[in-house]
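Chemist: I would like to see how this sequence folds:
(one chain, ligands or ions: 1)
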Amino acid sequence: MRYLILFCFIAAFVIGGATCSRCDQNIASEQHAMVERRVRFRGISDENVLKVMRDVPRVAFITEEHHKMAYDDVRVPTGHGQTLDRPYEDALILNTIKIKPTDNVLEVGTGSGYLAALMSRLAKNVYTIEIVPELGNRARERLAKLMYTNIEVKVGDGFLGWDEKAPFDVIILTASPATIPTPLMKQLSEGGRLLLPLGGEERFQELLLYSKKDGELVLDRRVAPTQFVPMKGKAQEGKK
Ligand code: SAH
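Modeler: The predicted structure is shown next:
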């Protein structure tokens, strides 16, 4: 009888392990298909971007009730009325900004932490700010569990940037302001790149790429029309 129980334990362990590794394989192949169909097929060609999108498991940044949406090109709810951006949007951001291994990056709008995780594979350090405390704290825990050691998450208003960690070579906003926040302009390094969806609550936002030359922001490229969530906090002061 004792041997039978032992046998059952070992069998359960082996079968469980096999099932689990099959799950991992399924995740990897679904993720691979997502990158091919939703990202490369639509014109994203930077091999470094395609590689990180294959490597970072998007499903790990999504709550269980929405797991089925992990590999579609759709926005996924992250709670508090906020969303994880579409994979194509994240890919477009990365393909445009061209992060280098020496870059110090600031992200405004941590959300789930997924874009921060993608960027951390390409950059030296990623500093990311989230205004909703529950989202920021959850992202911090999740990123620590997944062993992303070069990301720091701060709960606060990204309008003000993160002075102690400036200057930044790259600043990315995934929440849309109506005008460019002045502290962010100041915290960008000379030669640095700023990518943001400008428009705030307007129906039409534009993803714009700027760089800093002789202390001034210069518009390099109008990348695409977009629809990100409006930036909250100070960015909305003075309205109404
Ligand atoms: N990049 C995220 C998705 C961002 S959605 C991801 O990978 O999941 C935009 C996020 O910006 C939301 O979580 C929203 O709460 C946050 N946000 C809005 N206004 C902000 C502000 N002023 N400062 C910091 N975060 C802000």
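
Chemist: OK, contacts around the spatially closest residue to Arg54 that is not a sequence neighbour?
Modeler: Distances taken as C-beta to C-beta, 6 or more residues apart in numbering place Val35 nearest to Arg54, at 5.2 Å, with adjacent residues excluded. The way it works is simple: take the backbone N, C-alpha and C, and place the C-beta from them, glycine included. Val35 makes contacts with 50, 53-54, 87, as judged by C-beta atoms under 8 Å, 6 or more residues apart in numbering.

Chemist: ok, and of those, which contact the ligand?
Modeler: Among those, none lies close to the ligand by the criterion of C-beta under 6 Å from any ligand atom.

Chemist: What subset of the residues you listed is buried?
Modeler: Neighbour-count burial (16 or more other C-beta atoms under 10 Å) applied to those gives 50, 53, 87.

Chemist: tell me which of the residues you listed is nearest to the ligand?
Modeler: Nearest to the ligand among these is Pro87, at 10.2 Å by C-beta to the nearest ligand atom.

Chemist: need the contact list for that closest one.
Modeler: 34-35, 38-39, 53, 58, 73 are the contacts of Pro87 under C-beta under 8 Å, 6+ apart.

Chemist: I figured Gln187 hits Ile171, correct?
Modeler: Yes - between Gln187 and Ile171 there is a contact at 7.1 Å, judged by C-beta atoms under 8 Å.

Chemist: before we move on, the earlier item: can you classify the residue nearest to Arg54 by secondary structure?
Modeler: Following DSSP: H, G, I helix; E, B strand; the rest coil, we place Val35 in the helix state.

Chemist: what are the ranges of the helices in this structure?
Modeler: For the chain, the helices defined by DSSP state H occupy 2-34, 47-55, 87-97, 114-120, 133-145, 182-187.

Chemist: ok now the fourth one, how far from the chain's centre?
Modeler: The gap between where helix 114-120 is centred and where its chain is centred comes out at 5 Å by C-alpha atoms, centre = their mean, to the nearest Å.

Chemist: what do you get for the fifth one?
Modeler: On the basis of C-alpha atoms, centre = their mean, the separation between the geometric centre of helix 133-145 and that of its chain is 13 Å.

Chemist: show me what contacts the closest residue to Phe168 other than its chain neighbours?
Modeler: Counting by C-beta to C-beta, 6+ apart, Leu106 is the residue found nearest to Phe168 once chain neighbours are left out, at 4.3 Å. By C-beta under 8 Å, 6+ apart, the contact set of Leu106 is 126-129, 161-162, 165-166, 168, 170-172, 184, 187.

Chemist: Could you do Gly109 as well?
Modeler: Contacts of Gly109 (C-beta under 8 Å, 6+ apart): 128-130, 158, 173-175, 229, 231.

Chemist: could I get the buried ones among the contacts of Val35 as JSON lines with pLDDT and distance to Ala235?
Modeler: Shown next, in JSON lines, are these (pLDDT from 0 to 100; distance: C-beta to C-beta, whole Å):
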{"residue": "Leu50", "pLDDT": "95", "distance to Ala235": "33"}
{"residue": "Met53", "pLDDT": "94", "distance to Ala235": "29"}
{"residue": "Pro87", "pLDDT": "91", "distance to Ala235": "26"}
